[in-house]
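*Asks:* Next one to model:
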Amino acid sequence: MDNIYPPSAAVQLGRTVLLPPRGVNNVFIVVLTSLMYDFATNLDEELDYLMGSRMTLAKGLFLGCRYIPFVLCALHIQMALSQSIEACPGLSESNILFLGILLICAECIFVQRTYTLWNYNRRVLIALSIFLLGLLCGTVILVLSCGLQLKTATFAQGCSSSSSISPHFIIVPYIFLLLLEIEVVGLTFYQVIRFYRTTRCRLLTVMTQYSVGYILAGLLFTICNIVAICFVPGDYGPVFEASQCIAQSLLVTRMQLELWKLERYPAAPTSYSNDQTELEFELPQRASVAPNSSVLAI
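*Replies:* Got it, this is the predicted structure:
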């Protein structure tokens, strides 16, 4: 958006945006409205979780995914109203840095949840870590490249810039992101099918408890962004990329709160561990022997 997501490589992971300022700001309004609605509708559950759980890695990632989008919105407003072009490089650097951190935090939650779902299987952790490390390295390199390009970029009012980075360079971290999310989806579906065959309970119930909808939505966002980068005429990628980062954060925070509710207010017979970062649920009604499945509950 031309401001939080301005038409510049320095701001949105990379390229010139052809959207007019009004179109960019309209996207920003939609994003901000979605953030405020999600925050308001989940405030009671969020306070319940924040006050009722101890500090863990998952909780730290949750806080990052929940509140970094508001920082990005504040940066957008400041860039839109900024009368000083000298402040644009610093604001743009901060913007792209927070976007990178937000995306990594969201993917770490998906990875940690899948690792827990597989009962802390070391092989699964190694497989997930390979693509997560590739995504991390690709994002860091892209952020640093955009930061270096800011040194020579020329900014106009509103902190827009015509500087750009090749889409072929931008696509690299997205390939790692796509591979990571495909792996997460595959590992999750394996456990869903395995549990379903054992218990013969309602498939929709199992998919809901395993948060399949959230990870599929994240995968869909990534595929749409890759298509936009490669095939959509015009450089609209930065708007889509920033929107995806924020959408990913909404998905993982909503997923975490749903799992927290499932632990605190179970709708079916459950067994709990002493560690509040885990939730174990089972559906013994449908099978004589039903395997326990651990899912990240923050």
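*Asks:* confidence score at R66?
*Replies:* According to the per-residue confidence, R66 scores 93 in pLDDT.
*Asks:* list the contacts for V172?
*Replies:* Applying C-beta atoms under 8 Å, 6 or more residues apart in numbering, one finds that V172 lies in contact with 138, 142. Where C-beta positions appear, they are placed from N, C-alpha and C, glycine not excepted.
*Asks:* at 7 Å what do you get?
*Replies:* With contact taken as C-beta atoms under 7 Å, 6 or more residues apart in numbering, V172 is in contact with G138.
*Asks:* any idea how far R194 is from it?
*Replies:* V172 sits 34 Å away from R194, going by C-beta to C-beta, to the nearest Å.
*Asks:* Can you tell me the closest non-neighbouring residue to L216?
*Replies:* Once flanking residues are discounted, L216 sits nearest to V185: 6.6 Å by C-beta to C-beta, 6 or more residues apart in numbering.
*Asks:* again but with I223, I slipped
*Replies:* Computed as C-beta to C-beta, 6+ apart, the closest residue to I223 that is not its neighbour in sequence is L178, at 7.0 Å.
*Asks:* Could I get the buried residue list for the helix or strand that neighbour falls within?
*Replies:* Per DSSP states H and E: L178 is located in helix 167-199. By neighbour count, with 16 or more other C-beta atoms under 10 Å as the criterion, the buried positions of helix 167-199 are 170-174, 176-181, 183-185, 187-188, 191-192, 195-196, 199.
*Asks:* where in the protein is pLDDT low?
*Replies:* Within the chain, the ranges that satisfy pLDDT under 70 run 1-25, 156-158, 160-168, 232-238, 265-298.
*Asks:* gap between the one residue sitting closest to the centre of it and T222?
*Replies:* The structure's the chain has its C-alpha centroid closest to Q248; by C-alpha atoms, centre = their mean the separation is 2.8 Å. Q248 sits 9 Å away from T222 when distances are taken as C-beta to C-beta.
*Asks:* now do L61
*Replies:* Taking C-beta to C-beta as the measure, L61 and T222 are separated by 19 Å.
*Asks:* With neighbour numbers in mind, choose between the two.
*Replies:* When neighbours are counted by other C-beta atoms under 10 Å, L61 and T222 differ, and L61 comes out ahead with 23 against 20.
*Asks:* Now name the helix or strand holding the more buried one.
*Replies:* For L61, the element it lies in under DSSP H and E is helix 57-81.
*Asks:* now do C159
*Replies:* Going by DSSP H and E, C159 is not in any helix or strand.
*Asks:* go on, M55?
*Replies:* Applying DSSP H and E, one finds M55 in no helix or strand.
*Asks:* my guess is the residue nearest to L216 contacts G218, does it?
*Replies:* No: between V185 and G218 no contact is recorded; they are 8.8 Å apart, counting by C-beta atoms under 7 Å.
*Asks:* Do you have the strands of the stretch 151-298 of the chain handy? List them.
*Replies:* According to DSSP state E, counting those that start in this stretch, the stretch 151-298 of the chain carries its strands in the segments 270-271, 278-281, 293-296.
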